[in-house]
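> Turn this into a structure:
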Amino acid sequence: MAESTVAARCACEIREGGVRKAVGVDPELKDRNQKRLRRIEGQVRGLQRMVAEDRYCPEIMVQIASVHEALRAVARELMRNHLRHCVSHAARSGGAGAEATYDELIELLFTTTR
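Residues are numbered from 1 along each chain as shown. Okay, here's the model as predicted:
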């Protein structure tokens, strides 16, 4: 996709190598998500220990569900931010860029809900 097309779709910018970088992320949101992800990392290490120690399977499954829900909380925050910035910008801009953003959003929704 050409750089100008992406810029018309969204407020995010293209960096060298074609990598898109979010520019509309609230610093408090970023900090919250980073703290959550570090906590999730610790939970996953705990799961590894539980498996290594042959802990009771239902106990492990409960912890897996906890990690899953924590990841979903991060995903919700990221989705909310994406809708507020990228999707709303594309909707205001209209045209082919908006259509591409809508397609991207639909694909994202169906990819993340499998």
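
> which residues in the protein form helices?
Assigned by DSSP state H, the helices in the chain fall at 3-9, 27-52, 57-82, 88-93, 95-112.

> The last one - contacts with which helices or strands?
Right, the one you point to is helix 95-112. Helix 95-112 is packed against helix 3-9, helix 88-93, with contacts defined by 3 or more C-beta pairs under 8 Å, 6 or more residues apart in numbering; DSSP states H and E. (Each C-beta comes from the backbone N, C-alpha and C, glycine too.)

> likewise the third one?
Using 3+ C-beta pairs under 8 Å, 6+ apart as the contact criterion, the secondary-structure elements in contact with helix 57-82 are helix 27-52.

> Could you check the angle the helix it packs on makes with helix 57-82?
Taking axes from the mean of the first three to the mean of the last three C-alpha atoms, to 10 degrees, one finds helix 27-52 and helix 57-82 inclined to each other by 160 degrees.

> Could you give the separation of helix 27-52 from the chain centroid?
Computed by C-alpha atoms, centre = their mean, to the nearest Å, the chain-centroid distance of helix 27-52 equals 15 Å.
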